[in-house]
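Trainee: no letters, just coordinates:
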């Protein structure tokens, strides 16, 4: 069974937090900067386990899984345990690895099956789970941009697809259920006010697309999903890796029942979305921290006030309190307008 990006991130973070990690990594060829982050599944007469290879012989630039190696496992002990595995005594299968990003910034890409990139398959499934209807949303975006009438709507809403996300909705039009993208209407913090009149772009009526005005309050409208706005992710060369981090942070939040209950109580009180959607990046000195904002102070408009401390959940599932005013720089990678803090002088 292959290891997910979320499982791999947790495993790696647990190892790095272990008291023995520092001494083990000092023996690695090239140190942590050139670490061989490989997860394997072992089955032999000594052990049956999945874990991270953290020691052993290196042959041709990779761990020798046919020899004796050290395995770090968290299946039976959340803090982690170490096992010595004799690879020649049974079956050892690689189930995931992180490889360097090519720019000297450390491991960024999860690989599997002898080096096949997971991004095209695994990330797509995770993205679909985080952004329902994503494939249909992207197809409609392409159709909208190709339609000659799109120019007028982009002039009316120049931030569409930038600070305004692409919102896919379903509604009843003259007795027919259609889906489409909202391209004009009343802009609010989380996209559009669908209680008011808005314009829908749909290909359900005409293959080339048609703009349909939906009167306010006269149709049953349901939001199928949104796709990330271009500002933040789309303008960065590492957009794919950033989206994966957001997916993993979202999965970590969703798996923590206490955090989910706390968020839902706050969401009802302050009319927040049903799940955290503000993904932020904080720079201080040489350290970069990214995560979903799940707590903090809200301003009178119900938006996060980044002049005060916020609670952030990281891709590993760890939650931290951050003071944005102490950051050298801060960027909102996904989410909506916020009160930005002054930069640290």
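Mentor: Good, I have the coordinates. Not measured: the values here are computed from a predicted model.

Trainee: all contacts plus neighbour counts: C-alpha atoms, from now on.
Mentor: Noted.

Trainee: check contacts around the residue nearest to residue 39 when sequence neighbours are not counted.
Mentor: Counting by Cα to Cα, 6 or more residues apart in numbering, residue 39 lies nearest to residue 52, which is 4.4 Å off, once chain neighbours are set aside. Listed by Cα atoms under 8 Å, 6 or more residues apart in numbering, the contact partners of residue 52 are 11-12, 37-40, 71-73.

Trainee: ok, residue 330 next?
Mentor: Going by Cα under 8 Å, 6+ apart, residue 330 touches 280-283, 324.

Trainee: what about residue 173, neighbour count?
Mentor: Residue 173 has 15 neighbouring residues, counting by other Cα atoms under 10 Å.

Trainee: just give the nearest non-adjacent residue to it, would you?
Mentor: Among residues not flanking residue 173 along the chain, residue 219 sits closest, at 7.4 Å (Cα to Cα, 6+ apart).

Trainee: mind listing what the one you found touches?
Mentor: Residue 219 is in contact with 171-173, counting by Cα under 8 Å, 6+ apart.

Trainee: rewinding a little: now the helix or strand where the residue nearest to residue 39 lies: mean pLDDT?
Mentor: Taking DSSP states H and E as the definition, residue 52 sits inside strand 48-56. Averaging pLDDT along strand 48-56 gives 85.

Trainee: thinking again about what came up before, out of the contacts of residue 52, which are buried?
Mentor: For the contacts of residue 52, a burial check counting by 16 or more other Cα atoms under 10 Å picks out 11-12, 37-40, 71-73.

Trainee: pull out the buried positions in stretch 283-299.
Mentor: Residues of stretch 283-299 classed as buried: 283, 290-296, 298 (neighbour count, 16+ other Cα under 10 Å).

Trainee: that stretch spans what distance, first to last residue?
Mentor: Stretch 283-299 has an end-to-end distance of 23 Å (criterion: Cα to Cα, to the nearest Å).

Trainee: next SSE downstream of the strand holding residue 52?
Mentor: Note on strand 48-56: by DSSP H and E, the next helix or strand toward the C-terminus is strand 58-59.

Trainee: give the pairing partners of that following strand; include direction for each.
Mentor: Using DSSP bridges, the strands paired with strand 58-59 are strand 62-63 (antiparallel).

Trainee: give me the residues contacting the strand it pairs with.
Mentor: 36, 53, 56-57.

Trainee: remind me which residues of the stretch 201-345 of the chain are low pLDDT?
Mentor: 218, 228-240, 271, 273-274, 301-302, 335-345 (pLDDT under 70).

Trainee: all helices of it, in order?
Mentor: 239-254, 257-270 (DSSP state H, counting those that start in this stretch).

Trainee: please apply the same query to the stretch 51-200 of the chain.
Mentor: Using DSSP H, counting those that start in this stretch, the helices found in the stretch 51-200 of the chain span residues 124-130, 134-146, 150-156.

Trainee: any idea how far the longest one is from the chain center?
Mentor: In terms of Cα atoms, centre = their mean, to the nearest Å, the centre of helix 134-146 is found 21 Å from the chain centre.

Trainee: pLDDT on that helix, on average?
Mentor: The average pLDDT for helix 134-146 rounds to 87.

Trainee: each with direction, which strands does the strand holding residue 52 pair with?
Mentor: Looking at strand 48-56 with DSSP bridges, its partner strands are strand 37-44 (antiparallel), strand 68-73 (antiparallel).

Trainee: show me what stretch 81-88 is in contact with.
Mentor: So stretch 81-88 is contacted by 46-47, 65-74 (Cα under 8 Å, 6+ apart).

Trainee: just give me the neighbour total for the closest residue to residue 198 other than its chain neighbours.
Mentor: Spatially, and ignoring its direct neighbours in sequence, residue 198 is nearest to residue 185 (4.2 Å; Cα to Cα, 6+ apart). Using other Cα under 10 Å, residue 185 has 21 other residues around it.
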